[in-house]
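Novice: model the structure of this input:
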Amino acid sequence: MAGLIKREDIDEVRQRTDIKEVVDGYVTLKGAGLGSYKGLCPFHDERSPSFTVRPQVGRYHCFGCGEDGDVISFVQKLDHTSFHEAVEKLAARIGYELRYEDGGTGPSREEVGKRQRLLDAHKIADEFFRAQLLTAGAAEGRKFLQQRGFDRAAADHFGVGYAPQGWDALLKHLRGRGFTDAELKLTGMFSEGNRGIYDRFRGRLIWPIRDIAGDTIGFGARKLYEDDQGPKYLNTPETTLYKKSQVLYGIDLAKRNIAKDRQLVVVEGYTDVMACHLAGIPTAVATCGTAFAADHIKIARRLLSDDGTGGEVIFTFDGDAAGQKAALRAFEEDQRFVAQTYVAVEPTGADPCDLRQTRGDAAVRDLISSRRPLFEFAIRATLRRHNLDTVEGRVAALRESAPVVAQIRDAGLRPGYARELAGWLGMPIEDVTRAVAAAAKRGPAGAQASGAQASGLQAGGAAGRSHAAGYNQAPGNGQNVPGVAALPPSGVLPSFHRPDPRDPVASMERQALEVALQEPAMLGGAAWERFATARFATPAYQAIHDAIRATAPGFSGDAVQWVEALRQEVPEPLQALVSELAVVPLPAHTAEAVQKYCRDILARLFELQITRVKADKLGQLQRLDAAAHPEEFQQLNRELMMLEMERRSLRSDA
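Specialist: Numbers count the residues shown, from 1 in each chain. Just a heads-up that it's a prediction; the model follows:
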């Protein structure tokens, strides 16, 4: 059983991983000054690049939308994985074996190696199948795609391929790439007979099934020839990589749009996913030969940020009995979602692929926009099973449909649907309301609790947002808060307003902190003493300065750990600002120019501090009676002279 990963191992993975190499897999980065890179932000739409990566400090920051973090949070957000999974993935990437707390275990180096070999085999097979689609032998496969409105560009986008007829085309190819039969047996791509292993997929159109990170972990194959005695669709069997209850076809292509649009569309087949994406519904995915169930919901909730603040899941089903049954199964899982669930059924029974073929892209979009709440569909489907022309039929329909209304999570909607049900049945509203109330009391036991939990989540989400708003807007009027003149009222956290960029003092203080975060080596010896005793006029910058003083004694020389330690030390509202200061490109393009720039900025900071101290001492001197306190008068004059000499020396050095 996996336990908590040791903190020092997390730090080691963060330190050893080149964030630029990881980000390069998602974003095209270009140089933006010495040690900085820029690209279009993967977290929001933009035309001019504002997403900045600074490998030296191991962080990224978007100056457009404010997203920031380290290499672990980047993988979490882009691959929609948990923190634990992101660390394990990055550790495997650099070949680092993690240790776990509480006697827990993680994947061993041997297990990681075996998994990587399986992934490599699938990647090579994927490339092989795609290449085969262009050969003369794949004419029937290309014809199938063309008949369904998919051109070569569509096939390339979805990675569609072709498995040649015969028994060992893929087998020979993978053996030639150095894979042993023992390894190939574990992939699920081969069957075994008396004479050994042979290709599982033969003479079929192939769709690669990828996980959320984009790695191919299995295949779906559609038969093309009449003499093929196998099923119409044949998938990879369960393997260590491929668990059909945890896989959604198209998730690798849809994940960003699902997260951005807060919408997930569930269709029934590979071609339906293709049709939806090409028609302008890029949030479509499909299950792989199994019903949409609990493990799929976990994936969906993670992508949707299913926290009660919006989002929708839309199921598309055929209008036949099997489709209705599938919709009702989906309704049984509805309580697991906080997002609203809907169903979209085409009256003629056409699936999205057929619809696009016969009526065009707009018809597919119209199908999705015509969605109805899943519980409404479930109620109507229940009513269709009864003869509403008879008293007995209406009573039976009420008994069966009342529990469906009782399960509606939004308590505010239940009375409205009770009235709708009364109208559909032609029965008094009082009878229906009593039946719904009785059904809610009887069960299922979790129906009421689920509704309350959902409401609580929504209320909690609102309260959380309200609290966060208060955090940023709290007025400061107390004491003992670093960088803030006073404490706010009891129970309210301090506020740190973004400094005015036109303020020359704030601008200089910001530049000094940029130097401290990005080039901490410049603060050696006397420079550190001066920096540590400096006072910052801007509260937010003073709080970061306090954090620098607190973490500096433990500074090991590693910039990645330095910045992470600072982020943990500052108040939460300032963590993004620390990232921003750590990645903003310094205005210099050579190592020598960077050194000169840093010296000049620090000299300006130290000169400002001297000016402030001089002003304080001049005030003391003016208030002092020289005749009454001659020694103190002389001492102040000497100190002022020393400060002026120090100021001139700084200017000379700069």
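
Novice: helix or strand with the lowest mean pLDDT in this protein?
Specialist: helix 445-473 (a mean of 32; mean pLDDT, DSSP states H and E).

Novice: right, and S507 touches E514 too?
Specialist: No - applying Cβ atoms under 8 Å, one finds S507 not in contact with E514, separated by 10.7 Å. Every C-beta, even on glycine, is put in place using the N, C-alpha and C of the backbone.

Novice: quick one: which of the two has more around it?
Specialist: The neighbour comparison of S507 against E514 (other Cβ atoms under 10 Å) goes to E514, with 21 against 14.

Novice: quick one, phi/psi of the more buried one?
Specialist: phi -60, psi -40 (degrees, to the nearest 10).

Novice: ok, now A627?
Specialist: phi -70, psi -40.

Novice: and the pLDDT for it?
Specialist: At A627, the predicted lDDT confidence score is 74.

Novice: longest single helix anywhere in the protein?
Specialist: Longest helix of the chain, by residue count under DSSP state H: helix 591-623.

Novice: any buried residues in that one, and which?
Specialist: Neighbour-count burial for helix 591-623 flags 594, 597-599, 601-610, 613-614, 617 (criterion: 16 or more other Cβ atoms under 10 Å).

Novice: cool, stretch 154-162 as well?
Specialist: Applying 16+ other Cβ under 10 Å to stretch 154-162 flags A154, A155, F158, G159, V160, G161, Y162 as buried.

Novice: quick check: the second one vs R262, distance?
Specialist: Distance, A155 to R262, using Cβ to Cβ, to the nearest Å: 30 Å.

Novice: for W424, give me phi and psi.
Specialist: Dihedral angles for W424 - degrees, to the nearest 10 - are phi -60, psi -30.

Novice: give the contact list for the closest residue in space to it that isn't next to it in sequence.
Specialist: Spatial nearest neighbour of W424, excluding adjacent residues (Cβ to Cβ, 6 or more residues apart in numbering): L383 at 6.0 Å. Counting by Cβ atoms under 8 Å, 6 or more residues apart in numbering, L383 touches A397, S401, W424, L425.

Novice: wait, the first one sits on L425?
Specialist: Yes - under the criterion of Cβ under 8 Å, A397 lies in contact with L425, with a separation of 6.2 Å.

Novice: from the buried residues of stretch 154-162, which land in helices?
Specialist: Going by DSSP H, the helices hold A154, A155, F158 from these.

Novice: closest one of those residues to E140?
Specialist: A155 (13.9 Å; Cβ to Cβ).

Novice: work out for me the element the residue nearest to the closest one when sequence neighbours are not counted sits within.
Specialist: Among residues not flanking A155 along the chain, L145 sits closest, at 5.8 Å (Cβ to Cβ, 6+ apart). Assessed by DSSP states H and E, L145 sits inside helix 139-147.

Novice: I'd like to know which elements that helix is packed against.
Specialist: In terms of contacts (3 or more Cβ pairs under 8 Å, 6 or more residues apart in numbering; DSSP states H and E), helix 139-147 is packed against strand 204-210.

Novice: just checking: what are the partner strands of the strand it packs on?
Specialist: strand 161-163 (antiparallel), strand 216-223 (antiparallel) (DSSP bridges).

Novice: wait, what's in contact with the nearest residue to S579 once chain neighbours are set aside?
Specialist: Spatial nearest neighbour of S579, chain neighbours left out: D68 (3.7 Å); criterion: Cβ to Cβ, 6+ apart. Contacts for D68 (Cβ under 8 Å, 6+ apart) come out as R59, Y60, H61, C62, Q575, A576, S579, E580, V583.

Novice: my read: P42 touches L29, true?
Specialist: No - with contacts counted by Cβ under 8 Å, P42 stays clear of L29, the gap being 11.1 Å.

Novice: for stretch 148-162, measure first residue to last.
Specialist: 16 Å (Cα to Cα, to the nearest Å).

Novice: need the contact partners of it.
Specialist: Counting by Cβ under 8 Å, 6+ apart, 126, 128-133, 135, 137-138, 141, 145, 204-208, 210, 216, 250, 253, 270-271, 273-275, 277-278, 353, 356-357 sit against stretch 148-162.

Novice: quick one on the thing from earlier: which one of the contacts of D68 is nearest V75?
Specialist: Y60 (11.4 Å).

Novice: shouldn't that closest one be within a strand?
Specialist: Yes - the assignment for Y60 by DSSP: H, G, I helix; E, B strand; the rest coil puts it in a strand.

Novice: ok, the closest residue to it other than its chain neighbours - how many residues close by?
Specialist: Among residues not flanking Y60 along the chain, V53 sits closest, at 4.6 Å (Cβ to Cβ, 6+ apart). Using other Cβ under 10 Å, V53 has 25 other residues around it.
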